[in-house]
Structures are given as C-alpha cells and as structure tokens.
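> could you work out the structure for the sequence below:
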Amino acid sequence: MTHPVSRTILLLDIERFSDRDDVEQAYLRRMLYDVTDRALETAGIDETLRTRADRGDSVMELIDANAPVTALLRALLTEVPMQLRALNRMASRSAQMRLRGVVAGGYVTVDDLDGWVGSDLNHACRLLDAALLRAALRERPDDFALCVSDSVYQGVVRHDHPGVPAADFHQVTVGTKNGPLTAWLHGPVPPAGEDHGERGAGEAPGGSGDRPAPATPAAPETTGTTGDTEDTRNRPAPAAHRGAPAPGPVLDVNGGSVSFGGGYVAGDQHGVSGGRVTGDVVMGSKTDGDRS
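The predicted structure follows:
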C-alpha cells in the first residue's frame with residue numbers, strides 16, 4: 001500500500017443509466033468520457049496530472065493537487081453544460097445524457113490491488129449518490145448539477161474567483177449512513193419537504209431523466225339536474241353487455257331525454273326501444289339514418 005497522497009477528486013455520474021439497454025449504455029459511456037476529457041483539457045489538466053477509474057455509469061478522476069481547482073470548477077460550470085446541450089439537441093430521447101458532478105479534496109491511498117481507498121474519497125462518493133443532488137438535477141432546466149465538498153468551498157469557492165461565483169453556491173446538509181455531511185450545491189436548493197427518496201420515483205413514462213411526471217387529476221362529474229357534482233375518479237367503469245369490458249365511454253340515462261347530434265331518444269332507454277331516433281346518430285364508426 002502506498003502512502004496517502006493529496007488529490008482533487010472529480011466524480012461525474014450519468015442519470016438513469018441502468019434504465020437504458022446495452023447499446024444506449026455503450027453510447028452514453030463514450031459520451032461521458034468525451035465530456036470529461038474536454039472539460040479537463042479546457043481546465044489545462046492533461047493526462048499526466050490525473051488518474052481515472054471507471055465506475056460503469058460514472059467516472060472518477062484523481063487529479064494532482066498542484067492542478068488549479070479554480071480552472072476545473074470554471075470548466076465544469078461552463079464547458080460541461082455547453083457540451084451536454086449540444087449533445088442532447090441532436091440525440092434521441094433515450095440517448096440523452098444528464099450528469100451529476102462532485103468536486104472534493106483529500107487524501108487517497110492506492111492499495112496493493114490498485115484500488116483507491118480513503119475516507120475523503122468515501123465522502124465524495126456519498127455526495128454523488130445523495131438524494132438531494134438527484135433532486136436538484138430533476139429540477140434543473142439544463143442537464144448538469146454540481147456539488148462541492150466543504151473543504152473545496154472553504155479553500156476555493158468562497159473567495160469568489162472569476163468564473164466561480166461564490167453567491168451561486170448554497171450550503172446543504174447531506175444525510176449518509178455515517179452521519180450528516182456539509183456540502184455546497186451550485187444553483188437552487190430543492191424545496192424543504194420534497195421527496196428526496198430513491199432514484200426513479202415518479203419518472204415520466206418514456207423519459208430519460210428523474211423528473212417526475214405531472215399529476216393530472218380527473219375532473220368531477222356533474223350528475224342529475226341540480227348541478228350537483230360527484231367525484232368519480234375512484235369509481236369503477238360500468239360493465240359492458242354480457243360482462244365484457246366497456247370499449248369506451250359509457251352513458252347512463254335515468255329519466256329525461258337525450259339528444260345526439262340531431263337525433264332524439266325518449267321513453268325507456270334500454271338500447272333505443274320505446275323511443276324514436278331521427279337525424280344522424282354515430283356510435284363508434286357506424287352511422288345509421290332513421291332508426292325506430
């Protein structure tokens with residue numbers, strides 16, 4: 001095992017990766033590597049200053065402590081959203097990519113199996129998986145949400161360097177199995193009381209993000225002749241003839257009269273027996289003229 005060394009930790013994770021098929025996952029991994037490489041090149045961090053670990057749906061970069069963190073943050077706040085916007089404009093919905101990102105700092109040790117260990121690295125991974133960061137990305141109109149550790153904020157962000165506005169970062173507390181972590185979220189903080197539960201709750205059908213589908217409550221039904229309303233949202237649909245499932249909307253008539261596009265039904269409404277229909281009556285795709 002090597003001695004612990006100081007490193008800047010960069011984590012980028014693809015949202016909804018496991019919901020895609022193998023072809024889409026392979027494409028998204030290529031795009032993730034391209035976005036990461038371009039961002040680091042923009043920050044002036046070449047391959048000699050970083051070591052990469054592949055985590056499947058995410059990438060982890062250990063960056064030399066001498067590389068400028070301000071340049072890295074600037075690239076993440078400008079280059080990454082721009083690249084994602086360009087990619088997603090031309091991609092199908094299933095191939096669109098949205099990312100969560102974390103920048104942290106600390107000491108990391110490489111073990112005998114070339115694995116990376118260290119409590120600072122564990123904290124960074126927990127920030128990346130935090131429900132609050134997932135919720136923040138769901139609400140973003142763009143495709144990227146960034147969180148930095150408290151040490152990065154205190155050492156770099158709070159000094160308000162050009163391109164890294166301190167006022168855009170907000171302090172948050174992230175709950176983990178080992179206790180709360182203080183971090184700083186770039187952009188709006190999700191409202192208190194919002195469900196920050198497991199990934200995937202409330203996804204819009206066919207969507208590629210974590211954004212919840214809007215609820216569409218059914219309107220109350222008006223019944224009778226007095227204008228009273230009855231909530232029918234939880235009432236089962238009436239059965240069709242001989243117990244078959246009703247093929248479409250069902251109208252129950254109890255007394256009174258009903259007009260259908262020039263036709264008139266009166267008397268006992270069972271089928272149309274006992275009454276007379278004139279004009280055009282269309283039921284489904286079948287049209288009958290004068291029926292008695």
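
> for this structure, name the helix or strand with the lowest mean pLDDT.
Ranked by mean pLDDT, DSSP states H and E, the weakest helix or strand in the chain is strand 263-265, scoring a mean of 44.

> buried residues, the helix or strand containing Arg74. List them.
In the assignment (DSSP states H and E), Arg74 maps to helix 69-90. For helix 69-90, the neighbour count (16 or more other Cβ atoms under 10 Å) marks 69, 71-77, 79-81, 83-84, 87-88 as buried. All C-beta atoms are positioned from the backbone trio N, CA, C, and that covers glycine.

> direction included, what does whatever helix or strand comes next after it pair up with?
Sequence-wise, the next helix or strand downstream of helix 69-90 (DSSP H and E) is strand 99-110. In its sheet, strand 99-110 lies beside strand 5-14 (antiparallel), strand 116-117 (antiparallel), strand 144-149 (parallel), with partners assigned from DSSP bridges.

> just want the angle from strand 99-110 to helix 69-90.
140 degrees (axes from the mean of the first three to the mean of the last three Cα atoms, to 10 degrees).

> what's the average pLDDT for strand 99-110?
Averaged over strand 99-110, pLDDT sits at 94.

> enumerate the positions of that strand that are buried.
99-106, 108, 110.

> dump these into TSV; add distance to Val35 as well.
What follows is the buried residues of strand 99-110, written out as TSV (distance: Cβ to Cβ, whole Å):
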residue	distance to Val35
Leu99	7
Arg100	13
Gly101	10
Val102	15
Val103	15
Ala104	19
Gly105	22
Gly106	24
Val108	23
Val110	26
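
> Thr182 belongs to a strand?
Yes - with DSSP: H, G, I helix; E, B strand; the rest coil as the criterion, Thr182 is located in a strand.

> can you count the residues close to the closest residue to it other than its chain neighbours?
Excluding its sequence neighbours, the residue lying closest to Thr182 (Cβ to Cβ, 6 or more residues apart in numbering) is Asp150, at 4.5 Å. Close neighbours of Asp150, defined as other Cβ atoms under 10 Å, add up to 16.

> Pro162 and Cys147, how far apart?
The gap separating Pro162 from Cys147 is 21 Å, by Cβ to Cβ, to the nearest Å.

> repeat that for Gly115.
For Gly115 relative to Cys147 (Cβ to Cβ), the value is 24 Å.

> out of those two, which sits in the busier spot?
For Gly115 versus Cys147, the count of surrounding residues by other Cβ under 10 Å is larger for Cys147: 27 against 10.
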